[in-house]
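1. sequence-free structure coming up:
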Ligand SMILES: Nc1ncnc2c1ncn2[C@@H]1O[C@H](COP(=O)(O)OP(=O)(O)OP(=O)(O)O)[C@@H](O)[C@H]1O
Ligand SMILES: [Mg+2]
């Protein structure tokens, strides 16, 4: 659809859908402008109030516009969530100098179907996660947090990510308190270091194992940092990844401190933490400082609530986000990467040949 056509359509729709105290485009109450940049697949809608208006220009107007736009743009465009966003229109006229701007992407996100999990998708430091969405881990960081209730698809999504990094040459150490069958087979077929609590052994032994793995990663960070300081040349490290599934199962103050260190210091020298948990709260899983430094954050839930988003997307209200549906309930939710800071609908890649 051309921008001009969308603009005309929105003019009609918003006029009937919004209560603007009787003001309309023809009465010069506001203007609507649409711009689309096909090259980047994005665009924006500007709502320009013409002052003085008899309707208040406030957060409420922004929220109502947002709610209406989300619905009327679907399924041709996806609105990017974000707070009220005033931009200058560039006009010298005081009455029309500002606009409320809503950014969108052309089309909706859709699920990738992966017939062979071992196909390598990474290209120039980016990993495609949906049709139309790439995780730019080279510029963000490789630290990833995945939360979601049981069966939401955390472990399988993590397995996909780990496999892509492994194909890229990453060294991976896995901590799996639940001894997940898929993860165990994944580790075994690739000969990865894999830790789980052994039946009948002292429960503290597993806790000690975990601390040892995390400490080793912190030591490696120190070594890599020293290499950088002592070398004239640019250092290119291959990623070293510690993966922790169901992190709440063994968490202690010591393990949380070590994980925080890895997240805060590991980014530059490619020592990464990938962590999954039902909830990412600071008291039992990971500190809020570490949480905020993750390169990728994923909440898996087909109907995310404010509570689901509370830790990874603080203050975000998912009520108005449309998550496109397909026949699968797993791997649905919301995603945000550090490099663009946008929380958008997510459908995890569907793996057809699960190992
Ligand atoms: N991306 C996917 N592609 C194909 N199948 C999937 C995918 N995600 C989940 N599944 C299916 O759903 C099941 C549950 O997913 P998964 O084990 O990842 O959930 P979880 O969130 O880790 O839950 P749990 O609390 O049980 O560990 C998998 O065994 C698999 O059959
Ligand atoms: Mg799991």
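-> Sure thing, it's come through. Quick caveat, the model's predicted, so the values are computed rather than measured. Ligands and ions are numbered 1, 2, ... in the order given.

2. If you count neighbours, what's buried in the lowest-mean-pLDDT helix or strand in the chain?
-> None of the helices or strands of the chain scores lower by mean pLDDT, DSSP states H and E than helix 59-73, at a mean of 88. By neighbour count on 16 or more other Cβ atoms under 10 Å, the buried set for helix 59-73 is 61-62, 64-66, 68-70, 72-73. Any C-beta I mention is one placed from the backbone N, CA and C, and that applies to glycine too.

3. Residue 68 contacts residue 13, doesn't it?
-> Yes. Between residue 68 and residue 13 there is a contact under Cβ atoms under 8 Å: 7.4 Å.

4. can you list the residues of the stretch 101-250 of the chain near ligand 2?
-> Within the stretch 101-250 of the chain, the positions near ligand 2 by Cβ under 5 Å from the ion are 154-155.

5. same thing but 6 Å
-> By the rule Cβ under 6 Å from the ion, the part of the stretch 101-250 of the chain lying against ligand 2 is 154-155, 180, 245.

6. now, which of those lie close to ligand 1?
-> By Cβ under 6 Å from any ligand atom, the members of these lying near ligand 1 are 154-155, 180.

7. can you tell me which of the residues you listed are in helices?
-> Judged by DSSP state H, helices contain the following of these: 154-155.

8. CSV for the ones next to ligand 1 among the residues of the stretch 101-250 of the chain next to ligand 2, including neighbour count, distance to residue 200 and pLDDT?
-> Output for these, formatted as CSV (neighbours: other Cβ atoms under 10 Å; distance: Cβ to Cβ, whole Å; pLDDT from 0 to 100):
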residue, neighbour count, distance to residue 200, pLDDT
154, 26, 27, 97
155, 22, 24, 97
180, 20, 19, 95
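
9. which one of the ones next to ligand 1 among the residues of the stretch 101-250 of the chain next to ligand 2 is nearest residue 266?
-> Nearest to residue 266, judged by Cβ to Cβ, of those is residue 154 at 21.3 Å.

10. how near is the closest one to residue 280?
-> According to Cβ to Cβ, to the nearest Å, residue 154 stands 11 Å off from residue 280.

11. joint contacts of those two?
-> Both residue 154 and residue 280 are in contact with residue 147, where contact means Cβ atoms under 8 Å, 6 or more residues apart in numbering.

12. By residue count, what's the longest helix in the protein?
-> Assigned via DSSP H, the chain shows its longest helix as helix 203-229.

13. Tell me which helix or strand comes right after that helix.
-> For helix 203-229, the succeeding helix or strand toward the C-terminus, using DSSP states H and E, is strand 240-244.

14. for the closest residue to ligand 2 within the stretch 251-355 of the chain, helix, strand, or coil?
-> Here the stretch 251-355 of the chain gets closest to ligand 2 at one residue, residue 276, 6.6 Å apart by Cβ to the ion. Three-state assignment for residue 276 (DSSP: H, G, I helix; E, B strand; the rest coil): strand.
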